[in-house]
Every structure is written in structure tokens, then in C-alpha cells.
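# Mind looking at a prediction? Sequence and model below.
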Amino acid sequence: MDEESTLIEKAKNGDVHSFEKIISIHQEKIYNLAYRLTGNEPDARDLSQDVIIKVFCSIKNFYGKSTFSTWLWRIIHNTFLDECKSKYRKNSSITTSIETVFNITDDKNQPEKEAEKSDFRRQVKQSLLSIPPKYRMAVVMCDIQGFSYNEIADISRTSIGTVKSRLNRGRELLKKIILESGTFSETNRLT
Amino acid sequence: MNIFNKSNDHLDEQISVKIQNILSTTEVKPLPLGYEHELHYRLAKVAYESSQKTPSFVFQLLHPRLYPQLKYAFVMGLLFFLIPSFLLHQHHKNTRQTIEYGLQASLNLNQVGVFKFRINSPKKVEQAVIKIELPDGIKFVKNGIVDATQNKIEWCGGLDEGENIIAVYIVGTKQGNWSINTKMVENSSVRKLRVPLMVI
């Protein structure tokens, strides 16, 4: 029995430390996914912790039919999707994140361009929150978190074709929202 | 027109590339301060709460996925068993014939006492026979006189619905611990009763 299986068995018996060891490698990714889906830190914190607790409570139902990672991300995917759908339906206002620090590019000597880029980046983030959850999920998982088509298909229990289609639709919607908002200025075009 | 379309396509492509760049270079956000401690506390709390909830032994034997469904099936089954059992018991209790006797535990020598035979009948009975057999130390009293010749008495008659009382006068003639044997015959059923009596 490998280490992961041993830890899973212990976690099934309610051992918190073993569960924390298993989840530690996924924790940051879960939090980041929650953050990109909710758009703010407090919601991401609550949502990611809720889903980890849900996984802990459901671990007794893990029978090893798939890998632990797939099983785990399946729960996360479904929970996040349900949560986003309910918020999307309610059309609640999305809190804008105060986090505005992005990757520093080479344009250190051009503060105006840098500012516009930063604005555009913020606009992309905001627009991402406006697209329907199932497309948002595909875009975040594939384009931000680097999951492969196969992995997303496995997690969401859909075909690769469906994943690709959702991804394309998501990207198109994102582009449409950005174009409609008029953020994509001449300066951006040139860079 | 053609130039305009080409320009639009170019813009679309540019935006797509730019969005793609931004998404792929989004930095990984570190866990907020105190996140792991908070999570540990919540997990420990959940683990403690779930350890307090121990399902019954029968349910522990059942598969965890089947448990919620079987729980209701078990309760329903229990109700279906308990309700008819209770009703049957009540019905049986109401239709059962009860026989009680009324007699003091002891008699003084030569003291006259009354032996009451109380029959609670759920329905009217046309023909019933009650036999009372006395031991040596106890005799019947008829019209105030001790009847030393007879130690058995047989009563035949019908019983009314409800309470029926048959009373016999007896007297203790010898000291000792005695017992009166009674027998009731009704249709095909025979019920015997032994009543202890001490003559002092």
C-alpha cells in the first residue's frame, strides 16, 4: 500500500492530520480556483474551506475507482459550479478585489502603458466573472490553472469535445464583453 | 468593405491573444494568512462532531450508501409490525374471559367466610359449569348450617355479558393450610384455579 492510500485510510477513520497531508498539495490550487471564480478573497476563503471540509466528510465514499486527485477535483468542480450557478442566478453584485498586483512586465520605463495593461488585466478578470459558470469554470481550469482537456473531461464527466466547446464559448464571451466595454484601446492594440 | 473586415478580424485575433496571455500569466495567489490554521480548526471540529455521532449497531452493519434508504425502510417496517401487534393485543385483551376470586387469606376456626367467584365475560354464555371442591378442613354453609356431608359443589347456568359473581359460604372446621380447587367448563374450554386458605 503506497503512502497516499495509507493516508486516505487514516483520513477515512477521521484522522485530520492525514487528511491535511493529502490535501496540502491541492490546497493552493483549490483556493486559486475559488478565487478566480468568486473574484474576492473572503468568498474564496470560505468556499475553498467549505469544499475541503466537504471532501473530508465524503472521503469514506472514496472506493478507489478513480485516482484520488480526479475524485477530489470532481467534488470541487461540482461544488464550485453549484455555488457559482446560485450566485449567478441571483445576479448578485460581485465584489471587486482589492488585489491589483500583477506580473511585472518589461515596460518598466513606460508607466502609462503599464497602467493601461494593468487596467486591461483587471477588465479581463471582471469580465471573467460575468460569463456563465460552466464556461467560466472551463476557462479558469484550462487557461489559468493549466488542466489538460483530458483532465477537465474526466473531472466534469463530459467528453473532450464538450470541454473544447465550452472553452471556445467562454473565450468568445470574454472577448465579446471586453469589446463591448471598450477597454481595448489603441495603446493596447499596439502592444 | 473588405479592408474593414480584415481589420476587424485582426482586432479579434489581437484581443484573443492578449486575453490568452493575461490568463496564462495570471500569478498564483498564495494562501491568505491564517488560512491553514482556520482550516485545521474547522476540520478538527467536524472530525470531533462526527465521532460523537455513532450509529446503532444494526446500522453500522449496513453499507454506508444504503444507510439513508434503509433507515426509513427500517422505521416503516417497525411501524407496520408494531401497530398491528398493538391492535391485536388490544383485541385479544378485550375478548378474553377473566376469572378472579375474592377470599380473605385466612379464616378463624369455625368462622364463616364468603368465597366469591368473579367472572368477567366479554359475551353472553348460554351454558357454563363451575365446580368447587373443598379440602377436609373447610365445609360449606347452607342456610346458616354447616354441611359436613358435601365437599363438592357444582353450579350450572348461563353467564351474562360483563361481570358475573357467584358466592359460596364456607367455614373453617380444622386448623391448617388448605386449598380450594375450582374448575370452570365453558363450551370446550376448561380452566382450573387453586385458591389457598389458612384456617387459624
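Great, that's in hand. The model shown is predicted, which means the values in this text are computed figures rather than measured ones.

# going forward, measure contacts between C-alpha atoms and count neighbours the same way
Will do.

# From residue A:26, how far off is the residue in chain A that chain B sits nearest to?
For chain A and chain B, the shortest gap (CA to the nearest CA) falls at residue A:144, measuring 5.2 Å. Using CA to CA, to the nearest Å, we find residue A:144 at a distance of 15 Å from residue A:26.

# What of residue A:17?
15 Å.

# Could you list the buried residues of the strand or helix carrying residue B:185?
For residue B:185, the host element (DSSP states H and E) is strand B:176-186. By neighbour count with 16 or more other CA atoms under 10 Å in any protein chain shown, strand B:176-186 contains the buried residues B:176, B:178, B:179, B:181, B:182, B:183, B:184, B:186.

# Specify the beta-bridge partners of the nearest residue in space to the fifth one that is not next to it in sequence.
Once its chain neighbours are removed from consideration, residue B:182 has its nearest residue in residue B:132; the separation is 4.5 Å (CA to CA, 6 or more residues apart in numbering or on different chains). With beta bridges defined as DSSP bridges, residue B:132 has these partners: residue B:153, residue B:182.

# Contact partners for residue B:132?
B:152, B:153, B:154, B:180, B:181, B:182, B:183 (CA atoms under 8 Å, 6 or more residues apart in numbering or on different chains).

# and residue 138, what does it touch?
Picking chain A for this. Residue A:138 makes contact with A:152, A:163, A:166, A:167, A:170, according to CA under 8 Å, 6+ apart.

# wrong one, I was asking about chain B
Applying CA under 8 Å, 6+ apart to residue B:138 gives the contacts B:170, B:171, B:172, B:173, B:174, B:178.

# So between residue A:144 and residue A:26, which is more surrounded?
Taking neighbours as other CA atoms under 10 Å in any protein chain shown, residue A:144 and residue A:26 compare with residue A:144 leading, 21 against 14.

# and the nearest residue to residue B:155 once chain neighbours are set aside, backbone torsions?
Leaving aside its sequence neighbours, residue B:155 sits nearest to residue B:130 (CA to CA, 6+ apart; 5.0 Å). Main-chain torsions, residue B:130, degrees, to the nearest 10: phi -120, psi 130.

# wait, residue B:130 sits on residue B:190?
No. Contact criterion CA atoms under 8 Å: residue B:130 and residue B:190 do not qualify, at 9.7 Å.

# quick one, which of these two is more surrounded?
A count of neighbours by other CA under 10 Å puts residue B:130 above the other of residue B:130 and residue B:190, at 19 against 11.
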